[in-house]
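Novice: here is a sequence with its predicted model. Questions after.
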Amino acid sequence: MDATPHQPRWTLEAFRAGAMATVPLLPGLCAFGIAFGTVAARQGFSLLDACLMSATVFAGVAQIIVVDAWPKELTAATIFTGAVVTALICSRFILIGASMRPWFGAVPERGLVYFTLYLLVEPPWLLGTRYYNNGGRDPAFVLGSCTMCWLSWVGSTAPGYWVGASVGDPQRFGLDLIMPAFFVVMLVSMWQGPRRAVGWAVGSVVAVATERFFGGFWYVLAGALAGSFVGGFVDD
Amino acid sequence: MIERDPIGFVAMLAGMAAAVIFCRIGGYWLLGRFPIGARLRKMLNALPGAVIASTIAPILFTGGASAWVALLAAAVTMIAARNDFAALAAGVAVAVAARAAGI
């Protein structure tokens, strides 16, 4: 493995650096949490229920979709359906987690690694990948970013629950574009010449086509699989 | 409105959390079972870009002109300034301006 044995692990400095790198995203993350709180209030959840779900499930789109289509009666069948829908929406994380193997596999503190993976959403993953590519190896960077995302997600559920739709239209303030803009920014930092971008182009086309023909949940997974598969066969 | 059914609610939370944990940890766990060859490592390296492209391409397809100009502004600012915060601020500012102008 390519881990440098002398590099310190789980330092407070790296944790703080990861948390700070996440700060520019907070308005976007909170807008998302407010959207969830609004849906939960509309569906008659108690505030405690809504926050409990945000804290334990911690999966934005999956929570909004499952709560929006909350079953009238909670039976084994409807609960199973809820879990399957959640797994489908989160299926891209199977790939995302796999891509952390070369870095986290060399870290001996397995419990902390698995805890970090449980909280691993896109922003810490992408910020962490850039940190790794710049030579960083301390996994606390990722945990710091995860913690920031978790706090803002759970913390913004309550304001959404209380004020809900009266917050106004998030589109007017451009809040809906913060996450897409963040993705573009990360793509710019990853740019390593047009050959590497072949996989991006393939992923885009497959994602758009999948979204057109099948809608729903599959397009990110399909595009990511196609794009990284092709990327693996492009010579530098 | 949901019925008050605390046991069912906790069961649903457990089911959803289990699904999330399965996805976030499953792929990582699986790759620990066998050695990662050069080809697989290259695919994993290509994954972040592929995930991003797959996420934003449909948004560009359906988001209209304001999404295009906002994301373009973010990209240009990032190339010029190499600063996440400046790039995000530029993207949001352009989105607000474009939508206020009715684009």
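Specialist: The structure has been received and is ready for your questions.

Novice: domain ranges for chain B?
Specialist: Recorded structural domains for chain B (assignment: automatic domain parsing) are B:1-34, B:48-103.

Novice: can I get the ones you listed in TSV with mean pLDDT, mean neighbour count and distance to chain A?
Specialist: (Each C-beta comes from the backbone N, C-alpha and C, glycine too.) Formatted as TSV, those follow (pLDDT from 0 to 100; neighbours: other CB atoms under 10 Å in any protein chain shown; distance: least, CB to the nearest CB, whole Å):
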stretch	mean pLDDT	mean neighbour count	distance to chain A
domain B:1-34	91	17	3
domain B:48-103	94	20	3
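
Novice: turn those into CSV, columns for distance to residue A:8.
Specialist: Converted to CSV, these look like this (distance: least, CB to CB, whole Å):
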stretch, distance to residue A:8
domain B:1-34, 23
domain B:48-103, 25
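
Novice: strands along chain A, start to end?
Specialist: For chain A, applying DSSP state E gives no strands.

Novice: looking at the chain, which helix is longest?
Specialist: If you meant another chain, say so; for now it's chain A. helix A:140-163 (DSSP state H).

Novice: actually, chain B is the one I wanted.
Specialist: Per DSSP H, chain B has its longest helix at helix B:38-81.

Novice: same for that helix, what does it pack against?
Specialist: Here helix B:38-81 touches helix A:92-98, helix A:101-104, helix A:122-133, helix A:178-190, helix A:198-214, helix A:219-233, helix B:84-100, going by 3 or more CB pairs under 8 Å, 6 or more residues apart in numbering or on different chains; DSSP states H and E.

Novice: in JSON lines: the ones you listed, plus distance to residue B:49.
Specialist: Shown next, in JSON lines, are the helices and strands packed on helix B:38-81 (distance: least, CB to CB, whole Å):
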{"stretch": "helix A:92-98", "distance to residue B:49": "12"}
{"stretch": "helix A:101-104", "distance to residue B:49": "16"}
{"stretch": "helix A:122-133", "distance to residue B:49": "10"}
{"stretch": "helix A:178-190", "distance to residue B:49": "5"}
{"stretch": "helix A:198-214", "distance to residue B:49": "5"}
{"stretch": "helix A:219-233", "distance to residue B:49": "7"}
{"stretch": "helix B:84-100", "distance to residue B:49": "17"}
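
Novice: which of those sits closest to residue B:6?
Specialist: For residue B:6, the closest of these is helix A:92-98, at 28.7 Å, according to CB to CB.

Novice: can you tell me what sits against the closest one?
Specialist: Residues from elsewhere that reach helix A:92-98 (CB atoms under 8 Å, 6 or more residues apart in numbering or on different chains): A:117, A:120, A:122, A:125, A:220-221, A:224-225, A:228, B:20, B:23-31, B:44, B:47, B:51.

Novice: now that helix: average pLDDT?
Specialist: Summarised as a single mean, pLDDT over helix A:92-98 is 96.

Novice: got the CA positions of it in CSV?
Specialist: Backbone C-alpha positions of helix A:92-98 (Å, rounded to 0.1, in the frame of the first residue of the first chain) are rendered in CSV as follows:
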residue,chain,number,x,y,z
ARG,A,92,-24.0,5.0,-6.0
PHE,A,93,-22.4,4.9,-2.5
ILE,A,94,-21.4,1.3,-3.2
LEU,A,95,-19.0,2.7,-5.8
ILE,A,96,-18.1,5.8,-3.8
GLY,A,97,-17.1,3.6,-0.8
ALA,A,98,-15.2,1.2,-2.9
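
Novice: and that helix, how far from the chain's centre?
Specialist: How far helix A:92-98 lies from its chain's middle: 10 Å, per CA atoms, centre = their mean, to the nearest Å.

Novice: same check, this time on stretch A:22-38
Specialist: How far stretch A:22-38 lies from its chain's middle: 12 Å, per CA atoms, centre = their mean.

Novice: stretch A:128-143 too?
Specialist: Distance of stretch A:128-143 from its chain centroid, counting by CA atoms, centre = their mean, is 16 Å.

Novice: between the domains of chain B, which one is nearest to residue A:26?
Specialist: Nearest to residue A:26, of those and by CB to CB, is domain B:48-103 at 10.2 Å.

Novice: skipping adjacent residues, who's closest to residue 12 in space?
Specialist: Picking chain A for this. residue A:140 (7.5 Å; CB to CB, 6 or more residues apart in numbering or on different chains).

Novice: sorry, should have said chain B
Specialist: Counting by CB to CB, 6+ apart, the residue nearest residue B:12 is residue A:79, at 5.0 Å.
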